[in-house]
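Enquirer: coords please:
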Amino acid sequence: MATTNTIDSCSSISMRPVIISLGKLRLSIPVSTKSDEWISAEVLRDEFIHQQSLVDAVDTTADLENQAEATVELAARFLGFVASRVLDNTECKAARTSLLFNVFKHFTSSYLSSEDVHSLASSYDTGVRKVVLSSYFSALSVLQEQKAANIPTGPKSALFAAAASGDASIYALFGGQGTNEVYIDELQSLFDIYRPFVASFISSMSEVLVPLAEEKQQFSPFYTHGLDVYSWLSGATYRPSTSYLASVPATGLTPGELSDRLAGATGHSQGIVSAVAAAASTSFESFAANSKKALRWLFFCGYRGQEAFPVVSLEPSLVQDSIDGGEGTPSPMLSITGLSLPELEPHLAKTNKHLPENSRLQVTLHNGPRALVVTGPARALHGLVVNLRKIRAPLVLTKAKSRFRNASHVYLAKATDKVIEEDLEGDELWKPEELRIPVSTRKMPGFDFAHSLDQGDEFPKSATHALDFGPGGVRVIVIGERGKGDAELYNPTSLVREDNWVEKYSPRLVKSKDGTIHLDTPFSRLLGKPRSCYHVEWLEVDTTTPAHFARSSASSSLFARAQERGLPIEGFCIGAGIPSTEKAAEIVEGLKSAGIKHLALKPGSVDGIRQVINIAAANPGFPIICQWTGGRAGGHHSFEDFHQPILATYRAIRKQENVILVGGSGFGDAEDVWPYLNGDWSLKYGVQPMPYDGFLFGSRVMVAKEAHTSSSVKDLLVASPGVDDGQWEGTYSKATGGVLTVRSELGEPIHKLPKEKRAAWLNEHHDEVIQKLNRDFSKPWFGAKKDGSPAELRDMTYEETVLRMVRLMYVAHEKRWVDITLRNLTGDWLRRIEERLQVSMAPAPNLLFFNHTTPSMILFLLSKTSSRLILLLPTSCFPLMIPATSGYSQRRGQKPVPFIPVLDATFEVCSRRVQPSLNQSPGSVDGDLLKLVHLSNSFRMVNGAKPFQAGDVCRSEAKIVSVVNSQPGRF
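Expert: Numbers count the residues shown, from 1 in each chain. Model (predicted):
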């Protein structure tokens, strides 16, 4: 009886799994136990496994790097295989359709319960992504064709749902020809994935293009391969290298439903025609009709363009030069990015000066504030390219660059008339009232949709998303194979929005509990400082060794002890260089353990800013202050413009919540700061406002009453009028607004010779180098006789070495040493002399130098000592003294000596060691303030022999770093 029950129970089972095992992968898919379907499942399973083993679709021996992805791929391949076999046998069609339904249902429930198929495949390799998508849509198409009921569907797009409810405002973008030279490959990929849904559409569009191409082929050399796009994509005929294409991804919506969810559309160049066609469509039928109209217009546009401006052959050497230079094959259009129109115009004028009037180049497209298109004969454009290469950044930096485009320009003005009058015969393609959504464009010849086409080029402030259907606070989602933004478009759970920078980062006034009004910015929130209490950075210089750096950064007991004593040390700043991401992580961990709240970094270029962003991304819980000064406001980091690097990186900066953007470029008062605090500074560059979080001040603090800067240095800073940003380049060659420019000590080396050749060069130019050091540089040559004439150390007496050290390291009129470590150096040198004299003389002289470290006592002993005869002997009499000199000048923990002791391989290091304390000691350089210019290298001043007074006019043959900024936007 029990056996009978078991049999009855088994016979009532309606579903059982079919097992697919391939290598280390195993799938279990429930299918119907009905005999026909079960037999079909087993047969197709065996055929599938055999087929996969033949093509090695899955490696059955290697360990899988991503088993989850491989499992999805295997399931998708089986799904696509079953879909392809449904119509092979009419007798089994019903059973196989039922099997396909169950396999599709299993795939949907297993992998698409919470996400769309595009989101599922978005992170997969390109090949796997294509398999998953094409198999899914192939199966869906067969089920719809066989009129299967209750076909499972994935979750709906959160973006379209938000648009339908008014929570998102979407605009459609249609690109023009762009610079994508392999666009037919993109169309091929889209065709392969969505073929069941787009094949009939592309076939009907080919029916429009084929007769047009055949007709024109009789009278022109164009269209030698015809324009049967469908045959190219389906493989029926050979596919040429280039073709017109259109991309229409499946959205699950009719054209009318899609336009209902769009707030507007726009197009670039010929893309405006696609935008109008989409805006006028209400159904698949009307979309097909409008697409045919658009194709006719686009066909004649391309034909007349080629006719009016045919491609001409160029010398192979010229073509190869352009390809090697990274610009691509020369064509009538050149895309230039990284230069604004005012920056490009001088180069354009220089090139046009050598061209006849009918071949001159013109800027014909403005794709952005620093994205322009220049058009003209390809040969002439190549000349412009050669000119631009001199200023172009290396390609790895992705800054200013140029690339040829395949299109034509204003030379085609007459061709437009032919398109409208002869080809289209004046037909009105669309009427204004046909447009269901607004279409925005710049003025376009031949079209007058004055009431329906918005003559603007900016999105309304209400816009939240943009769907980009073409090559090339609004979030842009690029639709199609290359962009892969369709994963975000179809995402059912997450609606990604771009931050509105003005709303999120603009300053606000907030009232505290006690009623006090405070300025609220991300920087003020980080510091927690009221408006009358400022954040100050104390400079720690010359951390030249790992041990010294470890003591300075003190990961750390130094900061911990200081905090225990109540000192408000809250942050750590690294200047003149950005550490690697790995090293920065070590520093951050050390700072955290010491109780430090934030790390400040001072990038000097776009690459430096991006490295700061990488560091912030690697340490998301720790605030990183990005201190940007550019290279034009006394900063020693670079020659970078203050604005352009931020324009290029602002979006990336704001992607990291823990980055605080602080600017410093000579700001002096509220009027200077306000445009940068509220972000309006960027409006003149054609972009949305980009607020800063805080500001830093250097020169302004140096001239403050409380600063220890010498009063004469303060006078010089105040007297400098400054220079407008547009006139800054003048400082490279002459005084402009009281400002000149040099290369930074921390930038390019002073000497351009290879290191191995420098010692020989210094030896050959020995006297000339010493003369320039003494005349122009803040660190003079050490060797000198009592009368001031230059000398070698070996020719100086002991007395002269001591006098020289006192002269260079003691500020007599202020009665102080330049630094206590240099006082100790002098004392140690005196002890060394005494030791040497005691060894060399009998009886030992009673000098007692080590008991007296004041210059007055030293000089007294020098004049009264009984060993004066020995002191007057040259140091060359005692060879042990010579090597000691350089050793004494480079001791660890000691301030760099304010002189050059020897001309050898160490010259570059000695001459470039920073000594900021000199700005408090003009007496150390005879009061010649020009030798104290911040981080100055070798330069020559006509009046360098006398103290420079505030208000004096100077002329220079070289360059000095800037010292002041006095007006908004001035440096």
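
Enquirer: Could you measure from G577 over to D192?
Expert: As for G577, its distance to D192 is 50 Å (criterion: CB to CB, to the nearest Å). For every residue, glycine as well, the C-beta is placed using N, CA and C.

Enquirer: Mind checking which of these two has more residues around it?
Expert: A side-by-side neighbour count of G577 and D192, using other CB atoms under 10 Å, places D192 first with 15 against 12.

Enquirer: need the contact list for the more buried one.
Expert: 130, 134 (CB atoms under 8 Å, 6 or more residues apart in numbering).

Enquirer: Quick check on I170: phi, psi?
Expert: Geometry field for I170 lists phi and psi as phi -110, psi 140, criterion degrees, to the nearest 10.

Enquirer: partner residues bridging G663?
Expert: Beta-bridge partners for G663, by DSSP bridges, are W628, F695.

Enquirer: from memory it sits against H643, does it?
Expert: No: between G663 and H643 there is no contact, the gap being 10.0 Å when judged by CB atoms under 8 Å.

Enquirer: Have a look at the two and say which one is more surrounded.
Expert: In terms of neighbours (other CB under 10 Å), G663 is the more surrounded of G663 and H643; the figures are 23 against 19.

Enquirer: elements contacting the helix or strand containing S40?
Expert: Assigned by DSSP states H and E, S40 belongs to helix 35-55. Applying 3 or more CB pairs under 8 Å, 6 or more residues apart in numbering; DSSP states H and E, one finds that helix 35-55 makes contact with strand 15-22, strand 25-32, helix 67-85, helix 93-111.

Enquirer: so can I have CSV of those showing mean pLDDT, mean neighbour count and distance to D715?
Expert: Output for the helices and strands packed on helix 35-55, formatted as CSV (pLDDT from 0 to 100; neighbours: other CB atoms under 10 Å; distance: least, CB to CB, whole Å):
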stretch, mean pLDDT, mean neighbour count, distance to D715
strand 15-22, 84, 15, 84
strand 25-32, 85, 17, 80
helix 67-85, 88, 20, 70
helix 93-111, 88, 20, 75
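
Enquirer: I'd like these laid out as a markdown table, including distance to K390.
Expert: Compiled in a markdown table, the helices and strands packed on helix 35-55 are given as follows (distance: least, CB to CB, whole Å):
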| stretch | distance to K390 |
| --- | --- |
| strand 15-22 | 59 |
| strand 25-32 | 57 |
| helix 67-85 | 48 |
| helix 93-111 | 55 |
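
Enquirer: Go through these and name the closest to T153.
Expert: Ranking these by proximity to T153 (CB to CB) places helix 93-111 first, at 7.7 Å.

Enquirer: Could you tell me the angle between that closest one and helix 67-85?
Expert: An angle of 160 degrees separates the directions of helix 93-111 and helix 67-85 when computed by axes from the mean of the first three to the mean of the last three CA atoms, to 10 degrees.

Enquirer: Sort out which residues of the top helix by length along the chain are buried, please.
Expert: As far as residue count goes, and with DSSP state H defining each element, the longest helix of the chain is helix 183-217. In terms of neighbour count (16 or more other CB atoms under 10 Å), helix 183-217 has its buried residues at 183-184, 186-191, 193-198, 201-202, 205-206, 208-210, 212-213, 216.

Enquirer: Chain neighbours aside, what residue packs nearest to K592?
Expert: Spatially, and ignoring its direct neighbours in sequence, K592 is nearest to F622 (6.9 Å; CB to CB, 6 or more residues apart in numbering).

Enquirer: where along the stretch 651-800 of the chain do the helices fall?
Expert: 670-678, 699-702, 711-719, 755-764, 766-776, 798-809 (DSSP state H, counting those that start in this stretch).

Enquirer: what's the neighbour count on the residue lying closest to M805 once chain neighbours are set aside?
Expert: Ranked by CB to CB, 6+ apart and with sequence neighbours excluded, the top spatial neighbour of M805 is T826, at 5.0 Å. Using other CB under 10 Å, T826 has 21 neighbouring residues.

Enquirer: same deal with S682?
Expert: The number of residues packed near S682 is 20, by other CB under 10 Å.

Enquirer: Wait, it touches A648, no?
Expert: No: look at S682 against A648 with CB under 8 Å: they stay out of range, at 11.6 Å.

Enquirer: quick revisit: put the alpha carbons of the helix or strand harbouring the residue nearest to M805 into PDB.
Expert: Here T826 sits within helix 820-840, counting by DSSP H and E. What follows is helix 820-840, C-alpha atoms only, in PDB (Å, rounded to 0.1, in the frame of the first residue of the first chain):
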ATOM      1  CA  ILE A 820      70.600  78.800  17.100                       C
ATOM      2  CA  THR A 821      71.900  75.700  15.100                       C
ATOM      3  CA  LEU A 822      74.100  78.000  13.100                       C
ATOM      4  CA  ARG A 823      75.400  79.600  16.400                       C
ATOM      5  CA  ASN A 824      76.300  76.100  17.500                       C
ATOM      6  CA  LEU A 825      78.000  75.400  14.200                       C
ATOM      7  CA  THR A 826      80.300  78.400  14.800                       C
ATOM      8  CA  GLY A 827      81.100  77.300  18.300                       C
ATOM      9  CA  ASP A 828      81.900  73.800  17.100                       C
ATOM     10  CA  TRP A 829      84.100  75.200  14.400                       C
ATOM     11  CA  LEU A 830      86.000  77.200  17.000                       C
ATOM     12  CA  ARG A 831      86.500  74.200  19.200                       C
ATOM     13  CA  ARG A 832      87.800  72.300  16.200                       C
ATOM     14  CA  ILE A 833      90.300  75.100  15.600                       C
ATOM     15  CA  GLU A 834      91.400  75.000  19.300                       C
ATOM     16  CA  GLU A 835      91.800  71.200  19.200                       C
ATOM     17  CA  ARG A 836      94.000  71.500  16.100                       C
ATOM     18  CA  LEU A 837      96.100  74.300  17.600                       C
ATOM     19  CA  GLN A 838      96.600  72.400  20.800                       C
ATOM     20  CA  VAL A 839      97.800  69.400  18.900                       C
ATOM     21  CA  SER A 840     100.100  71.400  16.600                       C
END
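
Enquirer: Now do that helix: which elements does it pack against?
Expert: In this structure, helix 820-840 makes packing contacts with helix 798-809, helix 868-871, helix 881-889, judged by 3+ CB pairs under 8 Å, 6+ apart.

Enquirer: 7 Å - rerun?
Expert: Packed against helix 820-840 by the contact rule (3 or more CB pairs under 7 Å, 6 or more residues apart in numbering; DSSP states H and E) you find helix 798-809, helix 881-889.

Enquirer: moving C-terminal of the longest one, what's the next helix or strand?
Expert: For helix 798-809, the following helix or strand on the C-terminal side (DSSP H and E) is strand 810-811.

Enquirer: what's in contact with the very next helix or strand once past that following strand?
Expert: Beyond strand 810-811 on the C-terminal side, the first helix or strand identified by DSSP H and E is strand 816-817. Around strand 816-817, the neighbours that count as contacts under CB atoms under 7 Å, 6 or more residues apart in numbering are 809-810, 823.

Enquirer: neighbour-wise, which of the residues you listed leads?
Expert: Using other CB under 10 Å as the neighbour criterion, M809 leads those with 22 neighbours.

Enquirer: list the contacts for that residue?
Expert: 817-818, 822, 826, 898.

Enquirer: again with I770
Expert: For I770, the contacting residues are 781, 790, taking CB under 7 Å, 6+ apart as the criterion.

Enquirer: Please report the distance of it from L803.
Expert: When CB to CB is applied, the distance between I770 and L803 equals 18 Å.

Enquirer: Next: T282.
Expert: Remark: distance between T282 and L803 (CB to CB) = 97 Å.

Enquirer: Which of those two has more residues huddled nearby?
Expert: L803 (19 against 16).

Enquirer: what's the distance between that one and A784?
Expert: From L803 over to A784 (counting by CB to CB), the distance is 9 Å.
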